[in-house]
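> Sequence isn't available, so here's the structure alone:
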């Protein structure tokens, strides 16, 4: 998106064609209402973490689980270990700690409760 609203040739410094502060304003102020792309990206990545917890029978969940494993809490995948990994799941799993600050847990089935490990 940012490169779409820039000009310049490859290798040259790109000039901004718009002022980002103005482009991100609301439509009522006469702007494009693009919004904060960093926040929007984090929200979408966090949504995938939420879906991973809920969609345990889906093929994509099984692929992630088989590639990275499942954490001991059986709720999320293990964090990716390679820092140079450019896979989409690496970017998603990097949002995990921030995600945990936004959600709460309710105990419904005490069979899966691991009090000492989860506390």
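Thanks, I have the structure now. On a predicted model such as this, the values are computed, not experimentally measured, just so you know. Numbers count the residues shown, from 1 in each chain.

> where does the chain dip in pLDDT?
Across the chain, the ranges flagged by pLDDT under 70 are 1-14, 16-18, 72-76, 78-85, 110-119.

> biggest helix in it, by residue count?
helix 37-54 (DSSP state H).

> Let me know the next secondary structure element after it.
Proceeding N to C from helix 37-54, the next assigned helix or strand is helix 59-68, under DSSP states H and E.

> For this protein, just list every one of the helices.
20-23, 37-54, 59-68, 88-93, 96-100, 115-118.

> between those helices, which one is nearest to residue 29?
Nearest of the helices of the chain to residue 29, taken as Cβ to Cβ: helix 20-23 at 8.5 Å. For every residue, glycine as well, the C-beta is placed using N, CA and C.

> List the buried residues of that closest one.
For helix 20-23, the neighbour count (16 or more other Cβ atoms under 10 Å) marks residue 23 as buried.

> cool, stretch 30-49 as well?
Buried residues in stretch 30-49, defined by neighbour count with 16+ other Cβ under 10 Å: 42, 45-46, 48-49.

> show me the residues around residue 102 that make contact.
Neighbour list for residue 102: residue 46 [criterion: Cβ atoms under 8 Å, 6 or more residues apart in numbering].

> Against residue 48, how distant is it?
14 Å (Cβ to Cβ, to the nearest Å).
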